[in-house]
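Colleague: Curious how this folds, go ahead:
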Amino acid sequence: MRVLSGLAYSHGSVPLKNPRKDRRRKPQNNENWPAALANQSSTAIKKVAPKAKKIAIHPWRSFMITKPYLSASVMLHDEIMAFQNWATLTRQELDVRRTMIDCINTIARRVFSDAKIELSGSSATSLAFPAVRLDVVISTQEVHSDVGMKYALSQLATKLKQANLAKTAVQIPYQNAPVLRLVTLLEYGSFGVDISVNNVDGLLAVNAVNDYLVRMPALGPLVTVINALLGKYGLNNPSIGGLSSYAITCMCIFFIKTNPTKRSSWSYDYPVISKSLGTLLSDFLQYFSNQFPYSTSRISAEKGKLYPNTDTCRGRDRNCGMSVECLVNPEINVAETVLPLTLQQIVNVFLVGLANIVKSTVQDHSVLTRLVACDKNVCFFRPFFIPVIEYFVHRFAVVSAD
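Modeller: Okay, the predicted model is just below:
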């Protein structure tokens, strides 16, 4: 934990501003921001937040066209679009993931003769990040109990190691069922993979999210940048108490449906034409940092409503930090891993992000670089997917023949 007095001023190759001077500078050319944002106290930047986990690398800047801007909100919109273009998986990266699934399926059939493997989570949507873990669901009729599931996953872990596919493979508890968490060998791309068995809700949720992505043009860009904002501080990993990509998606769906800042439908339905993504992002951060009643409310993204929060974390003596209903099974709280302390960190990150947006002017080289950063290892590794694919093809033939 530390005070983020100068956190937001890393611009990669762009010359750094003087943080002390910038903190005193009044917002300019922010006529498109809501009045409530323009009146934000400059002390917001001093809120305590987690230390950033990512090195300040901003590769999406290469997707930007250098041009003058009349509004900081429009500049942020263009940066969000560029960031999403950079984060979208390339054909080679998609090929690697498909081949990885084929390899795992080959091994899984040695444990479950009727195994059918499918991607779930953000890996099965257009929201997948280059460095995201792959969520895999094995559907089988051969497992009928929790004990049988644990034993089968233990066998699968052994088979994956014997095939020299996995470097590590351990079972971890997750919600109501165990998950096999593995990391592939370096020659397979060092992918992180989470394998669950008969996770029907996870597969149905993928269909629901993909449907919303088609109906809500602003959803994909918002989820991508908010996920990256939390990822910069290590707060988007549910296994260590953060918000999952699915929970963030549900929050964004709820936000778009309820429109708490009363924007015109044009801003949500035609974000590319209206250049509204920067404004919508600031509205989201404003709502979930200053206005949302976390302790008393439960988010229903499917119904677009708030309900009284009566949820209690499984196996814990205290209430969850926040409550977000699953799109397909309202009984499941997809944010149950978030404890009150972690929630305060998330809110502080939202507040710092909001303050950085409000402080931005058209004279700045960038707005988004104050909010998100990328893992330098991911940026380095992405160009080398083609040789990885070639190794996959060869290795997959060997594994299939064993």
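Colleague: pLDDT weak spots in the protein?
Modeller: 1-56, 131, 174-176, 311-320, 377-381, 383-402 (pLDDT under 70).
Colleague: now the helices: where do they sit in it?
Modeller: 19-24, 35-38, 72-87, 91-108, 146-162, 200-215, 219-231, 245-258, 265-269, 271-274, 277-286, 340-359, 376-381, 385-401 (DSSP state H).
Colleague: So which of the ones you listed is nearest residue 116?
Modeller: When these are compared by CB to CB, helix 91-108 sits nearest residue 116, at 8.1 Å. (Glycine included, C-beta is placed from N, CA and C.)
Colleague: in that closest one, what counts as buried?
Modeller: For helix 91-108, the buried set under the neighbour-count rule, 16 or more other CB atoms under 10 Å, comprises 93, 95, 96, 97, 99, 100, 101, 103, 104, 106, 107, 108.
Colleague: ditto for stretch 204-221
Modeller: 205, 206, 208, 209, 212, 213, 216, 217, 218, 219, 220, 221.
Colleague: As JSON lines, those residues with distance to residue 375 would be great.
Modeller: As requested, the buried residues of stretch 204-221 are exported to JSON lines (distance: CB to CB, whole Å):
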{"residue": "205", "distance to residue 375": "26"}
{"residue": "206", "distance to residue 375": "25"}
{"residue": "208", "distance to residue 375": "29"}
{"residue": "209", "distance to residue 375": "24"}
{"residue": "212", "distance to residue 375": "27"}
{"residue": "213", "distance to residue 375": "24"}
{"residue": "216", "distance to residue 375": "28"}
{"residue": "217", "distance to residue 375": "28"}
{"residue": "218", "distance to residue 375": "26"}
{"residue": "219", "distance to residue 375": "24"}
{"residue": "220", "distance to residue 375": "21"}
{"residue": "221", "distance to residue 375": "20"}
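Colleague: And those, which is closest to residue 333?
Modeller: residue 205 (13.5 Å).
Colleague: Now that that closest one has come up, it's in contact with residue 332, right?
Modeller: No: checked against CB atoms under 8 Å, the pair residue 205 and residue 332 is beyond contact range at 9.4 Å.
Colleague: Show the contacting residues for the nearest residue to residue 184 once chain neighbours are set aside.
Modeller: Closest residue in space to residue 184, ignoring its immediate chain neighbours: residue 191 at 4.6 Å, by CB to CB, 6 or more residues apart in numbering. Taking CB atoms under 8 Å, 6 or more residues apart in numbering, we find residue 191 in contact with 96, 97, 100, 133, 134, 183, 184.
Colleague: export those residues to CSV and tack on distance to residue 287?
Modeller: Listed next are those as CSV, based on distance: CB to CB, whole Å:
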residue, distance to residue 287
96, 37
97, 34
100, 38
133, 29
134, 32
183, 37
184, 39
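Colleague: Tell me the spacing between the most centrally placed residue in the chain and residue 259.
Modeller: Centroid-nearest residue in the chain, with CA atoms, centre = their mean: residue 227, separated by 3.3 Å. Per CB to CB, to the nearest Å, residue 227 is found 21 Å from residue 259.
Colleague: before we move on, what about residue 301?
Modeller: For residue 301, the distance to residue 259 - CB to CB - is 14 Å.
Colleague: Please give the number of neighbouring residues around residue 369.
Modeller: Other residues near residue 369 number 23, with proximity taken as other CB atoms under 10 Å.
Colleague: now do the one 3 residues further on
Modeller: Taking other CB under 10 Å as the neighbour definition, residue 372 ends up with a count of 25.
Colleague: heads up, I number from 674, so please use that
Modeller: Noted, 674 is the first residue going forward, which turns the last one into residue 1045.
Colleague: and residue 998, how far is that from residue 926?
Modeller: For residue 998 relative to residue 926 (CB to CB), the value is 11 Å.
Colleague: which residues are common contacts for those two?
Modeller: Contacts common to residue 998 and residue 926, judged by CB under 8 Å, 6+ apart, are 974, 975.
Colleague: mind listing what residue 795 touches?
Modeller: Residue 795 touches 801, 802, 805, 808, 918, 919, 922, counting by CB under 8 Å, 6+ apart.
Colleague: Give me the nearest residue to the third one, chain neighbours excluded.
Modeller: Read it as residue 805. Per CB to CB, 6+ apart, closest to residue 805 is residue 795, 5.8 Å.
Colleague: same thing with residue 801?
Modeller: residue 795 (4.8 Å).
Colleague: so how far is stretch 1029-1037 from its chain's centroid?
Modeller: 25 Å (CA atoms, centre = their mean, to the nearest Å).
Colleague: Go through that stretch and flag the buried ones.
Modeller: So stretch 1029-1037, judged by 16+ other CB under 10 Å, has buried residues 1029, 1030, 1031, 1032, 1033, 1034, 1035, 1037.
Colleague: Max pairwise distance over those residues: which two?
Modeller: 1029 and 1035 (15.0 Å).
Colleague: sorry, back to before: mind putting the helices of the chain into a markdown table with distance to residue 980?
Modeller: As requested, these are exported to a markdown table (distance: least, CB to CB, whole Å):
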| stretch | distance to residue 980 |
| --- | --- |
| helix 692-697 | 40 |
| helix 708-711 | 26 |
| helix 745-760 | 31 |
| helix 764-781 | 37 |
| helix 819-835 | 30 |
| helix 873-888 | 19 |
| helix 892-904 | 22 |
| helix 918-931 | 11 |
| helix 938-942 | 23 |
| helix 944-947 | 28 |
| helix 950-959 | 20 |
| helix 1013-1032 | 18 |
| helix 1049-1054 | 38 |
| helix 1058-1074 | 44 |
